[in-house]
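Student: Quick one: sequence plus predicted model below, questions after.
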There are 4 protein chains.
Amino acid sequence: MQSRTPPLRAGRPRSAAADTAILAATRAALVELGWSKLTLGDVATRAGVAKTTLYRRWAGKNELVVDAVAELFDELRLPDLGSLAADIEGVVLQFAAILARPEAKSGLMAVVAESTRDDALRERIRGSIVERQKRLVLEGRTRAQERGELPPETDPAEAARTADLIFDIVAGAVVHRTLVSAEPADEEWVRSFTGVLLLGLGSASQVPPAAP
Amino acid sequence: MQSRTPPLRAGRPRSAAADTAILAATRAALVELGWSKLTLGDVATRAGVAKTTLYRRWAGKNELVVDAVAELFDELRLPDLGSLAADIEGVVLQFAAILARPEAKSGLMAVVAESTRDDALRERIRGSIVERQKRLVLEGRTRAQERGELPPETDPAEAARTADLIFDIVAGAVVHRTLVSAEPADEEWVRSFTGVLLLGLGSASQVPPAAP
Amino acid sequence: MQSRTPPLRAGRPRSAAADTAILAATRAALVELGWSKLTLGDVATRAGVAKTTLYRRWAGKNELVVDAVAELFDELRLPDLGSLAADIEGVVLQFAAILARPEAKSGLMAVVAESTRDDALRERIRGSIVERQKRLVLEGRTRAQERGELPPETDPAEAARTADLIFDIVAGAVVHRTLVSAEPADEEWVRSFTGVLLLGLGSASQVPPAAP
Amino acid sequence: MQSRTPPLRAGRPRSAAADTAILAATRAALVELGWSKLTLGDVATRAGVAKTTLYRRWAGKNELVVDAVAELFDELRLPDLGSLAADIEGVVLQFAAILARPEAKSGLMAVVAESTRDDALRERIRGSIVERQKRLVLEGRTRAQERGELPPETDPAEAARTADLIFDIVAGAVVHRTLVSAEPADEEWVRSFTGVLLLGLGSASQVPPAAP
DNA sequence: TTCTAAGCGAGACGGTACGTCGAGTCTTCAC
DNA sequence: GTGAAGACTCGACGTACCGTCTCGCTTAGAA
C-alpha cells in the first residue's frame, strides 16, 4: 500500500497535466509521422512543454512510446457474450481494432524491435503492456470454467504455461495478420482464427461455421 | 542464371564483390549495434566501400536491411520426418533458430515497424521474405495430402485462405514468443504449439505427448 | 551617508550574510572557472543560497561580477614614498598585483566587453570601479603639488582632462601589458613606464635609474 | 615558402568561399548582436553554410572571432606625414577608428577576456593581432631614425623592450579611452596623448600645441 | 500573541544554444 | 562510368544554463 501522504519533497511539484499532454502529443505525432520521423522536440512542442520537461520524465523515445502505446491497450475489456468462443472473438476484435490504429502499429513494433537489444526496455514493455493484458486470458478461462466450457485446471504450472501459449498465439497471429500480411483482422478472419484456436485447445465449445 | 554477356554499359563495371561485402557488413553491424545504432557510414567502412557505392545500390537503411535479413530465411528447408507433425515441428524450430539470431531479431522487427508507414517497403518485405517462405506451408500441405494425413482441398480459394491463416499463426506465435515474451521457442514449446495448431486444423495426425 | 532608518518594509528582511557569501562565491568561481564557465546556479550553490535569492539582488551575471570585482580595487592605496615617481610606482604596482589575480583578469575584461553594448552596465562599471579609483590620480597630484613637484593647476577643466588622460594611460598600459602582452608588470617594467609617463607630463621629478 | 603543389588530398576540397562568407557573417553578427548574443548557429545561417562546416574549420566562438577581428586591423597603415609626431597621430587615429567600430569593440575585449584562461587562445591573439601590428611601431621608429628624429639604437634588446612598452602604452591608452572611459579618441585627445608619449620618450620632435 | 508580508530553499518550468552525429548529396582525383 | 575520399546541407540529438515560477517553510515587525 502506498503512503497516503506522498514524499512531499521540497520545490515546485511536477505538473500532472504535462504527463497527460505529452502522452497525447506522442500518440498524435505517431499518427502523423510514424515512429522514425517522430522527434522528441516535436512532441514537446505539440504538448506545449519544454524538451527538458520531457527528458526529466522519460529517458528517451523508446520509453515514452511504450507508455503512450500502453494506454491504448487499457481499453480492452473481456465482453460477456455467453460463450467462450464469442468472448474470445469479441476481445480479439477489440485487439485488432486497436492494432489497426496507426499510433499502435508503428509505435508498438518499433519498441519491440528496440527491445531486442535493451533488456530494461523489454521489461518495461512486458510490465506495461503484455502482463497487464494477460489478465484477459485468465478472466476468459475462469469464466469458461464457471460455465463448464473448460475443465478446472489441476496443475497450476501447466495452466500458466498454457495461458502464455495462448497469449503468444493470439497476440502473435493478430499482429502478424495486421502488420506483416497487412490484411484486416476482420470478423471473418477472427472467426476462422478463433475456431482453430478453440479446437486446438480441445474445448468442447465449437464455433459454428460462419453463415455464408 | 545471369546473361553471359551483361548489359555491357560503358565505363567501369560494378564490383560484384561489393554487394556481398555490403550485405555481410550489414548483418555484422546489426549483430553488434542493432538496428537503431546501425549507420550506413559504418556499414560502408566495414565493407571497405565508399558511401557513394552503397547509395548507388540501395535507397536507404530500410531497403538494405530487408535484403540483408531476407537472405537469412532462405536457409529454411521443410524436412521430411515422416509425419506432418514432425515436419512442422522441424520447420518451426528452424524458424525459431533464425529468429534467435540477433541480426534477424532487431533487423526484422524494425523494418516491419517502418513498413507500417511505407507501402513500398511493405511490398518489398512481403516479396523478399513472407511470400518467399509461404512455400513451406504449401509444400507441407501437399506432402501431408500425399501421405493421407490431410484431405485434398476442394475449394482453392478456401485453401489459400487457410494457408495464409496458418502462416500468420505460425510466424506470429514464434515471433511473439521470441521477441515479446522473450522466452526461447525450444523443443518443448514447439511441441505444445504444434499440437494446438494441428488439433485446431482438424488433422487426424496428433502429436504424441512429449516423453518426460 | 546611508539612511539611518532603512526603508523598513514589512516582512522578513534580507539576509545580510547572503550578499557577502554571494560575492565571495562569485570571486571563487571566477578563479576556478573563469567568466564564461561561471554560472549563476553554481554561484548560488557555492554561496549556500537559492538561485531566487541571487536574482532578487542582482539582475544578472554582468551586474554580479561588476560588484564582485569592484571590491577588489578598493584595496588600492596611494603610498607616501617621498616622491611623485615613487608614489606612482607604488600604486601602479598595487594595481598590477590586483590585475594579476585571476578573478580580476577574466571578470574585468569580460564585463568591459559586455559594456560595449550595454550603457547601463558601462555606467555601473564607471561608477563602481573607474571613477572610484580616479581618486588616486587626484590625491597623487595634490600631494605632488604640495611637495612642489608639480605646479598648481590654473585651468580646472584642463586639469580634469589631464587627470583622465593619465588614468587612461596608466590603466590602459597596465591592462594591456598584463592581459594582452601577457607579461608581468613587474618592478622593472613599472619603473620604465613611470619614467616615460612623468617625463611626458613634463614633471621635473625624474625617476632615478634602477639600482642594479 | 609554401609548397607550390598543396597536399592534393583525396576527396572534395574545402570551399574557399565559405571561409570568407563565415568571417564576414561573424563581423555582421558582432555588429548586430554583440559578442554574448552571437551564436554560431546564427553565423552559419548568415553565411549560408551548415553549422558543421563552421565547426570543421574553427574550434569555437573564440577562435572564430579572433580571426574575424584580426582582419580588421590589417587595414592599418603607417602614413608618411613628414614628422614622427604626425605619423604617430595618424596611425593612432586609424587605430581608434577601428576600435570605434562595434564589431571590433565587443569582439576584441571578449576574446581578450577569454584568453586569460586559455593560453592557446592568447597565443592566437598575439600571433594574429598583436605581433602582426607591432610592425607599425618598428616602421615608425626606423623612419624617424632616417629622418634624424630619433637616434639609432645601440642595444637591440633594449630597443625591443622599448618597442613593447610603446605598444602597450599606445594600444592600452586607446582601448581604455574608447571602451572603459567611453569617450571618443578624437583628434584633440590623440594630439594630447601623442604629446605626452613623445615627450616621455625623450624625442626632440615636439608636437605643436593644437590651434584653438 | 497572533498576523502577515517578505525572504528563503528547493526544484520544476519554458526557452535557447550548444556541440555532435548521421543522412543523403556533391565534388574531386584515380582507375 | 565506377570507386574512394571527404566536404557539403540539413535536421535531430541530448545537455546545460537561463531566468521565472510555484511550492512549503522561516522570520520578524505590526496588530
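Tutor: Yep, it's here.
Student: contacts, neighbours, all on C-alpha from now
Tutor: OK.
Student: Who are the packing partners of the biggest helix by length in chain A?
Tutor: Identified as the longest helix of chain A according to DSSP state H is helix A:156-175. The contact analysis (3 or more Cα pairs under 8 Å, 6 or more residues apart in numbering or on different chains; DSSP states H and E) places helix A:156-175 against helix A:84-100, helix A:131-147, helix B:156-175.
Student: Repeat the analysis, applying 10 Å as the threshold.
Tutor: Here helix A:156-175 touches helix A:84-100, helix A:102-115, helix A:131-147, helix A:187-200, helix B:156-175, helix B:187-200, going by 3 or more Cα pairs under 10 Å, 6 or more residues apart in numbering or on different chains; DSSP states H and E.
Student: Right, and chain C sits closest to which residue of chain A?
Tutor: Nearest to chain C, among the residues of chain A, is residue A:11, at 11.1 Å (Cα to the nearest Cα).
Student: Report the secondary structure state of that residue.
Tutor: coil (DSSP: H, G, I helix; E, B strand; the rest coil).
Student: Residue A:38 too?
Tutor: coil.
Student: in chain A, which residue is closest to the centre?
Tutor: Central residue of chain A (Cα atoms, centre = their mean): residue A:73, 4.1 Å from the mean position.
Student: OK, contacts around it?
Tutor: Contacts for residue A:73 (Cα atoms under 10 Å, 6 or more residues apart in numbering or on different chains) come out as A:94-95, A:98-99, A:104, A:128-130, A:132-133.
Student: buried stuff in the lowest-mean-pLDDT helix or strand in chain A?
Tutor: None of the helices or strands of chain A scores lower by mean pLDDT, DSSP states H and E than helix A:131-147, at a mean of 90. For helix A:131-147, the neighbour count (16 or more other Cα atoms under 10 Å in any protein chain shown) marks A:133, A:136-137, A:140-144 as buried.
Student: Helix A:156-175 and that one, what's the angle between them?
Tutor: On the basis of axes from the mean of the first three to the mean of the last three Cα atoms, to 10 degrees, helix A:131-147 is oriented at 110 degrees to helix A:156-175.
Student: which helices and strands sit right next to helix A:131-147?
Tutor: Using 3+ Cα pairs under 10 Å, 6+ apart, helix A:131-147 is in contact with helix A:61-73, helix A:84-100, helix A:119-125, helix A:156-175.
Student: For it, list the C-alpha coordinates in PDB.
Tutor: The C-alpha coordinates for helix A:131-147 follow below in PDB (Å, rounded to 0.1, in the frame of the first residue of the first chain):
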ATOM      1  CA  GLU A 131       1.500  -8.800 -18.500                       C
ATOM      2  CA  ARG A 132      -1.100  -6.100 -18.000                       C
ATOM      3  CA  GLN A 133      -3.300  -7.600 -20.700                       C
ATOM      4  CA  LYS A 134      -2.700 -11.200 -19.900                       C
ATOM      5  CA  ARG A 135      -5.500 -10.700 -17.400                       C
ATOM      6  CA  LEU A 136      -7.900 -11.100 -20.300                       C
ATOM      7  CA  VAL A 137      -6.700 -14.700 -20.900                       C
ATOM      8  CA  LEU A 138      -7.100 -15.500 -17.200                       C
ATOM      9  CA  GLU A 139     -10.500 -13.900 -16.900                       C
ATOM     10  CA  GLY A 140     -11.700 -15.700 -20.000                       C
ATOM     11  CA  ARG A 141     -10.600 -19.100 -18.700                       C
ATOM     12  CA  THR A 142     -12.100 -18.600 -15.300                       C
ATOM     13  CA  ARG A 143     -15.400 -17.500 -16.800                       C
ATOM     14  CA  ALA A 144     -15.400 -20.500 -19.200                       C
ATOM     15  CA  GLN A 145     -14.700 -22.800 -16.300                       C
ATOM     16  CA  GLU A 146     -17.600 -21.400 -14.400                       C
ATOM     17  CA  ARG A 147     -19.800 -22.000 -17.400                       C
END
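Student: Run the chain-centre distance for that helix.
Tutor: Taking Cα atoms, centre = their mean, to the nearest Å, the mean C-alpha location of helix A:131-147 is offset from the chain mean by 15 Å.
Student: relative orientation of it and helix A:84-100 in degrees?
Tutor: Using the same axes, to 10 degrees: helix A:131-147 against helix A:84-100 is 160 degrees.
Student: Tell me how many other residues surround residue A:150.
Tutor: Residue A:150 is flanked by 18 other residues according to other Cα atoms under 10 Å in any protein chain shown.
Student: excluding its backbone neighbours, what's nearest it?
Tutor: With sequence-adjacent residues excluded and distances taken as Cα to Cα, 6 or more residues apart in numbering or on different chains, residue A:150 is closest to residue A:144, at 5.6 Å.
Student: how close does that neighbour get to residue C:190?
Tutor: Separation of residue A:144 from residue C:190 (Cα to Cα, to the nearest Å): 101 Å.
Student: hang on, the earlier thing: just tell me which of the helices and strands packed on helix A:131-147 ends up closest to DNA strand E.
Tutor: Between DNA strand E and those, the shortest separation by Cα to the nearest atom of the strand is 14.6 Å, and it involves helix A:61-73.
Student: average pLDDT for that closest one?
Tutor: The pLDDT scores in helix A:61-73 average 96.
Student: How about it and DNA strand E, any contact?
Tutor: No: figure legend: helix A:61-73 not in contact with DNA strand E (Cα under 7 Å from any atom of the strand); closest approach 14.6 Å.
Student: Quick one: work out the angle between that helix and helix A:84-100.
Tutor: Going by the same axes, to 10 degrees, helix A:61-73 makes 140 degrees with helix A:84-100.
Student: count of residues packed around the residue in chain A positioned nearest to DNA strand E?
Tutor: Ranked by Cα to the nearest atom of the strand, the top residue of chain A for proximity to DNA strand E is residue A:11, at 2.8 Å. Around residue A:11 there are 6 other residues, counting by other Cα under 10 Å.
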